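A.B. asks: attaching a predicted model along with its sequence, questions to come.
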Amino acid sequence: MEKRREFKELPIQPRGIYWEDDFVDAEHEQRLISIFRDELKWPDRPGRTSLHYGYTFDYKTFGIDPEIPYKEFPDWLQPLIPTTEVRPPDQVCLQFYPPGAGIPPHVDAHGPYDQLYALSLGAPAIMQFRRGDVRIDVDLTPRSMMQMTGDSRLHWTHGIKKRKNDTMVDGTLRPRDHRWSITYRWLRDGGECECGNVEHCDTAQRRRGVEKEKRSVMELAAKTSADDASQSN
Ligand SMILES: O=C(O)CCC(=O)C(=O)O
Ligand SMILES: [Fe+2]
């Protein structure tokens with residue numbers, strides 16, 4: 001019998017983070033990790049690496065790459081697809097984080113994408129949400145599925161610092177280890193993002209006349225400086 005999905009909103013700022021512990025059980029997680037380690041061909045480079053399924057994420061436009069044909073979801077991915085949306089995701093990104101790797105603070109593009117989920121596997125890592133000076137740490141525990149909606153999706157950035165240890169609330173250090181995540185994105189089904197946040201929304205920026213080239217360069221510059229700043233932590 002299919003397990004009933006139980007997403008609950010985390011009672012924290014930013015609002016709109018929906019969470020389900022144990023989206024997969026520990027044995028299933030181990031089988032997945034064996035596949036990730038032994039059967040998949042990863043890009044040969046240090047740091048965080050990614051594999052794409054469905055449409056391919058385009059790091060230039062932050063949307064999908066129209067040149068790359070759709071890739072069917074492999075068998076191991078099928079049972080990991082959230083069933084809480086009316087259709088399967090359009091873009092799925094499996095990422096590997098070796099110890100010390102991170103992802104710069106960012107907002108997943110509002111223009112191309114609507115719903116956004118992420119599943120964590122392997123070692124835990126702290127994700128930091130930021131809005132202005134406010135920083136909130138969320139522990140991405142293995143086997144948990146997170147959905148970002150509302151404020152957490154639109155108005156706060158999220159990132160994982162590049163560092164070998166995370167500092168826990170009690171001050172202890174927790175070493176990073178091999179972590180995998182699966183990010184699921186749904187293309188917007190008609191209509192545009194109306195959030196109006198010129199700092200974080202590519203649609204609001206386009207309407208204000210900020211050119212596409214400039215937007216991605218601006219975003220990259222912001223990411224790079226934020227990431228550099230986080231190296232010292
Ligand atoms: O690794 C994660 O859990 C999230 C990654 C992420 O933010 C993204 O792929 O946009
Ligand atoms: Fe993201």
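C.D. replies: Here it is on my side, so go on. Keep in mind it's a predicted model, so treat the numbers as computed, not measured. Ligands and ions are numbered 1, 2, ... in the order given.

A.B. asks: first-to-last residue distance for stretch 60-73?
C.D. replies: 23 Å (CA to CA, to the nearest Å).

A.B. asks: give the buried residues for that stretch.
C.D. replies: For stretch 60-73, the neighbour count (16 or more other CB atoms under 10 Å) marks Thr61, Phe62, Gly63, Ile64 as buried. Using the backbone N, CA and C atoms, a C-beta is placed for each residue, glycine as well.

A.B. asks: cool, and stretch 51-59?
C.D. replies: Leu51, His52, Tyr53, Gly54, Tyr55, Thr56, Phe57, Asp58.

A.B. asks: pLDDT wise, what is the fifth one at?
C.D. replies: The predicted local distance difference test score for Tyr55 is 93.

A.B. asks: contact partners for it?
C.D. replies: Contacts for Tyr55 (CB atoms under 8 Å, 6 or more residues apart in numbering) come out as Ile64, Asp65, Ile68, Tyr70, Asp90, Gln91, Leu187.

A.B. asks: partner residues bridging the last one?
C.D. replies: Think Leu187. In this entry, Leu187 is beta-bridged to Tyr113, by DSSP bridges.

A.B. asks: my read: it touches Gln91, true?
C.D. replies: Yes. Between Leu187 and Gln91 there is a contact under CB atoms under 8 Å: 7.4 Å.

A.B. asks: out of these two, which sits in the more crowded spot?
C.D. replies: When Leu187 and Gln91 are compared for neighbours, Gln91 comes out ahead with 23 against 17, by other CB atoms under 10 Å.

A.B. asks: show me the contacts for that one.
C.D. replies: His52, Tyr53, Gly54, Tyr55, Thr56, Phe57, Ile64, Tyr113, Tyr184, Arg185, Leu187.

A.B. asks: for this protein, just list every one of the strands.
C.D. replies: Using DSSP state E, the strands of the chain run over residues 8-9, 17-20, 49-54, 91-97, 103-106, 113-122, 125-131, 134-140, 145-148, 157-160, 165-167, 173-175, 179-187.

A.B. asks: ok, which of these comes nearest Asp202?
C.D. replies: Asp202 sits nearest to strand 113-122 of all those, at 10.0 Å, using CB to CB.

A.B. asks: may I have the closest one as CSV, with CA atoms only?
C.D. replies: Extracted as CSV, the C-alpha positions of strand 113-122 are listed here (Å, rounded to 0.1, in the frame of the first residue of the first chain):
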residue,chain,number,x,y,z
TYR,A,113,9.8,27.5,-12.6
ASP,A,114,6.8,27.1,-10.3
GLN,A,115,6.9,24.3,-7.8
LEU,A,116,10.2,23.2,-6.2
TYR,A,117,11.1,20.2,-4.0
ALA,A,118,14.4,18.7,-2.8
LEU,A,119,15.2,15.3,-1.3
SER,A,120,18.3,14.8,0.9
LEU,A,121,20.3,11.6,1.0
GLY,A,122,23.6,10.6,2.7
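
A.B. asks: near ligand 1 at all, it?
C.D. replies: Yes. Strand 113-122 reaches ligand 1 (CB under 6 Å from any ligand atom) through Ala118, Ser120.

A.B. asks: which strands or helices does that strand pack on?
C.D. replies: With contacts taken as 3 or more CB pairs under 8 Å, 6 or more residues apart in numbering; DSSP states H and E, strand 113-122 sits against helix 26-38, strand 145-148, strand 179-187.

A.B. asks: write out the residues of the chain neighbouring ligand 1.
C.D. replies: Cys93, Gln95, Ile103, Asp108, Ala118, Ser120, Leu140, His158, Ser181, Thr183.

A.B. asks: which of those residues count as buried?
C.D. replies: For these, a neighbour count by 16+ other CB under 10 Å gives the buried set as Cys93, Gln95, Ile103, Asp108, Ala118, Ser120, Leu140, His158, Ser181, Thr183.
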